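Q: quick one: sequence and predicted model below, then my questions.
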Amino acid sequence: MIYPWQASLWESVQRARQDKHLPHALLFTGEDGCGNTDFLQTLAKSLLCLNPSGDGMACGQCRSCQVFGAQAHPDFAAVSLQEERQAILIEQIRELNYFLGLSRSYSPNRVVTIVPAERMNINAANSLLKSLEEPAPNTHILLLTAHPAALLPTIRSRCQEMRLPLPAPEMALAWLQQQTLQHPAETLLAAAHGRPLEALELDSTDTLAQHRQWLHHLGQLAQGEGNITEISAHWEKYDKTLLLNWQLDCLHALAKQEQLPQQPASFPVELQTIRKGGVGEQKLWAIHEKLLELKKLATHPLNPRLFVESMLMLWKATH
Ligand SMILES: [Zn+2]
């Protein structure tokens, strides 16, 4: 599947393919939550297809397309993190190198994908270098990463980099509105920082409701209401980094509103409450600074309850 915001990149890749200029090693970069793995899969299927259509899409009918759909394509290999592993290991790349030395079965090309590419450990990455330097004919190595800076420079220099874009807000919203949703598309998209596939995923979990509940509690405290001990008890089991990020997002949204003469009608009611509670520009930055200090401790708080309580204290009304 190709999403509307990927259309122009798809066209340029297919043009290069038709002109027989498609580099054998492509490094796709782009933020998670935007459908980038779908793009990669679609491209792999298309490169293997025996009868692709004019726009480069796989036909879906040929023998290659059928075995690809059944995840049994002899000319395709996908390298990813093995269960419970934090890194892609050298054994996996060695297997891949062996695969690249085999003769092709029936597709015009051989395709491999490596996702997430930045998770190759140093030995795995070094082992891939030779295949990148001396590619077997009719071979495409497709790498995908959200963190290109974490890749070895020697890997990056041997690949052609292509950026998978974050969609323009209007385009993301238009796409999201076409999906079947339980929550308003605008709210989902804002919570997902403009990443449409992440927004869609949020819609099917209760994360969004929790997010609102958290903001509601902050609003209560800012208004001088609510019991901080009870509220801390409610949140102590939640992911501390997530709670911190929600607060930072909230501060950014409030700071942005400070600069506008009038609040738009879409400004969430929870944020309005926090603002009315006296969280103005000066207090915003004071909270911001303290949150960044707390962020360093968030992955291993000594006492989760106290940690949450110290975050919540920042929002408490001082008058
Ligand atoms: Zn086909």
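A: Structure's in. What do you need?
Q: separation between Ala174 and the ion?
A: 30 Å (C-beta to the ion, to the nearest Å). C-betas here are computed from N, CA, C, even on glycine.
Q: how about the contacts made by that residue?
A: Residues counted as contacts of Ala174 (C-beta atoms under 8 Å, 6 or more residues apart in numbering) are Pro4.
Q: and what about it, helix, strand or coil?
A: helix (DSSP: H, G, I helix; E, B strand; the rest coil).
Q: now the helices for the stretch 151-300 of the chain?
A: For the stretch 151-300 of the chain, the helices defined by DSSP state H, counting those that start in this stretch cover 153-157, 169-177, 185-191, 196-203, 207-222, 228-235, 240-258, 269-276, 281-295.
Q: name the residues that touch the fifth one?
A: Under the contact criterion C-beta under 8 Å, 6+ apart, helix 207-222 has outside partners 183, 187-188, 191, 202, 226, 228, 231, 234-235, 238, 243, 246-247, 250, 268, 270-271, 273-274, 276-279, 312, 315-317.
Q: only C-alpha atoms, please: export it in CSV.
A: The C-alpha atoms that make up helix 207-222 are tabulated as CSV, following Å, rounded to 0.1, in the frame of the first residue of the first chain:
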residue,chain,number,x,y,z
THR,A,207,-4.4,5.6,25.4
LEU,A,208,-6.3,8.6,24.2
ALA,A,209,-8.8,8.4,27.0
GLN,A,210,-5.9,8.1,29.5
HIS,A,211,-4.3,11.1,28.0
ARG,A,212,-7.4,13.2,28.5
GLN,A,213,-7.7,11.9,32.1
TRP,A,214,-4.2,12.9,32.8
LEU,A,215,-4.8,16.4,31.5
HIS,A,216,-8.0,16.6,33.5
HIS,A,217,-6.0,15.8,36.6
LEU,A,218,-3.4,18.4,35.8
GLY,A,219,-6.3,20.9,35.4
GLN,A,220,-7.7,20.0,38.7
LEU,A,221,-4.4,20.6,40.5
ALA,A,222,-3.8,23.9,38.6
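Q: contacts only, for the one residue in the stretch 201-319 of the chain that gets nearest to the ion.
A: Residue nearest to the ion within the stretch 201-319 of the chain (C-beta to the ion): Glu201, separated by 29.5 Å. Glu201 sits next to 33, 192 when contact means C-beta under 8 Å, 6+ apart.
Q: quick revisit: just name the most buried of the helices of the stretch 151-300 of the chain.
A: Across the helices of the stretch 151-300 of the chain, averaging neighbours per residue (mean count of other C-beta atoms under 10 Å) puts helix 196-203 on top, at a mean of 21.
Q: any residues of the chain in contact with the ion? List them.
A: Contact residues (C-beta under 5 Å from the ion) of the chain with the ion: 49, 58-59, 62, 65.
Q: sorry, back to before: in CSV, list the helices of the stretch 151-300 of the chain along with mean pLDDT.
A: Shown next, in CSV, are the helices of the stretch 151-300 of the chain (pLDDT from 0 to 100):
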stretch, mean pLDDT
helix 153-157, 96
helix 169-177, 96
helix 185-191, 88
helix 196-203, 93
helix 207-222, 92
helix 228-235, 95
helix 240-258, 87
helix 269-276, 87
helix 281-295, 91
